[in-house]
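Q: no sequence on this one, just coordinates:
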């Protein structure tokens, strides 16, 4: 069976398959084909792929000759038209954020798997692209904030006096938030963290952060590891608590997303205007509207001396390791399709496969996407 890895759009530096997973894919019985220059921005040359055993082909050859096509971002309609209807396409499609685009992609007839719909169960951890890429995002968000901050992060005692440490407020203690805590603490900042799930308190404290508790949060234990919509009463309590910490914060990192919904606004205009000049907000929910009222996606806005950086694609800024992690997720995902005889089959009784197959034969089959479309 032939796997074809495509070059990503011009704004993306990552690549979906890296040379280090090609040997493992071949042992599973796959032949690997990579679009020419697909890995260049992630510092993987065509020669690196060929040395690992992959074939370098043009985009048209990949689309027509591959049984299974892989990318990170959704492919363009012209490329989708070239995929035969009996073939398979795997990507990270954000179908709950862009249901109409997903419907258009599905109309071309291929079997479509979206890696960001993988259920958050123990068996699927090694395939979870959202978690692996969130690790990169959380790390890079703090470095980005530090680079734009007007002061030092750590406490420094110098002949010229003592510099107090930066205060960092992190909203959301998922994978990205926890990595942000760890990175900010390594840089010497004092960290406060807020999350609607009280069960993450221990994890935050173990990394050296203070956990901000607000009582009355909706139970998220049955949401598959994702955040859920909160009541208006809770939102008001939440707003008051965050406002107190935002006023003292030098850096705010926001990570809050709810699948299929606009990102909740956690940092209001009033909160931004209460922060001291030279402070920085890095909003990782920018693509879904942002957690800050001033956020604009892919832009840096300066308001009352505070920088608000909207960036939902931070993994692209660390393309080599981010690509490696994504490629490992793809490898582990493909393993569940291959039996001991190296035969490829789609077992719809497998929870992971059944959840991730969002479309086939031109029709959407994912209940969440269908609900949004209707």
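A: Yep, it's here. None of the values given here were measured: they were computed from a predicted structure.
Q: is it fair to say residue 359 lies in a strand?
A: Yes - applying DSSP: H, G, I helix; E, B strand; the rest coil, one finds residue 359 inside a strand.
Q: show me what contacts the residue nearest to it when sequence neighbours are not counted?
A: Excluding its sequence neighbours, the residue lying closest to residue 359 (Cβ to Cβ, 6 or more residues apart in numbering) is residue 106, at 3.5 Å. To be clear about C-beta, it is placed using only N, CA and C from the backbone, and glycine gets the same treatment. For residue 106, the contacting residues are 112, 358-359, 362-364, by Cβ atoms under 8 Å, 6 or more residues apart in numbering.
Q: can you give me the helices in the chain?
A: Assigned by DSSP state H, the helices in the chain fall at 22-27, 46-52, 59-65, 77-81, 99-106, 129-148, 175-186, 201-206, 232-248, 269-274, 319-335, 351-356, 367-373.
Q: quick one: the contacts of residue 106 as CSV, columns for pLDDT too.
A: Shown next, in CSV, are the contacts of residue 106 (pLDDT from 0 to 100):
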residue, pLDDT
112, 97
358, 96
359, 96
362, 93
363, 94
364, 96
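Q: and those residues, which two are the farthest apart?
A: Farthest apart among the contacts of residue 106 by Cβ to Cβ are 358 and 362. That separation is 12.4 Å.
Q: the more surrounded of these two?
A: The residue with more neighbours, out of residue 358 and residue 362, is residue 358; 24 against 12, by other Cβ atoms under 10 Å.
Q: before we move on, the earlier item: which of the contacts of residue 106 sits closest to residue 88?
A: Of these, the one sitting nearest to residue 88 (Cβ to Cβ) turns out to be residue 112, at 7.9 Å.
Q: nearest residue to the closest one in space, please, no chain neighbours.
A: Nearest to residue 112 is residue 359, by Cβ to Cβ, 6+ apart, at 4.3 Å.
Q: and the residue of the chain most remote from its centre, backbone torsions?
A: Largest separation from the mean C-alpha position in the chain: residue 159, at 43.4 Å (Cα atoms, centre = their mean). The phi/psi pair for residue 159 (degrees, to the nearest 10) reads phi -60, psi -20.
Q: what pLDDT does it get?
A: Listed pLDDT for residue 159 reads 88.
Q: can you list the domain ranges for this structure.
A: Domains of the chain are assigned by automatic domain parsing as 2-117+319-363, 131-317.
Q: would you format these as TSV with distance to residue 373 included?
A: Formatted as TSV, the domains of the chain follow (distance: least, Cβ to Cβ, whole Å):
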stretch	distance to residue 373
domain 2-117+319-363	5
domain 131-317	11
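Q: nearest to residue 123 among those domains would be which one?
A: Set against residue 123 and scored by Cβ to Cβ, the domains of the chain come closest in domain 2-117+319-363, at 7.0 Å.
Q: quick check: end-to-end length of that closest one?
A: End-to-end distance for domain 2-117+319-363, by Cα to Cα, to the nearest Å: 24 Å.
Q: how far off centre is that domain?
A: Remark: domain 2-117+319-363 is offset 17 Å from the chain centroid, using Cα atoms, centre = their mean, to the nearest Å.
Q: please report phi then psi for residue 29.
A: Dihedral angles (degrees, to the nearest 10) for residue 29: phi 100, psi 10.
Q: mind listing what residue 207 touches?
A: 178, 181-182, 185, 191.
Q: so for it, what's the pLDDT?
A: On pLDDT, residue 207 comes in at 96.
Q: next: residue 226.
A: Residue 226 is assigned 55 on the pLDDT scale.
Q: likewise for residue 22?
A: 98.
Q: repeat that for the one 4 residues further on.
A: What the model reports for residue 26 is a pLDDT of 97.
Q: how about the nearest residue to residue 274, chain neighbours excluded?
A: residue 247 (4.5 Å).
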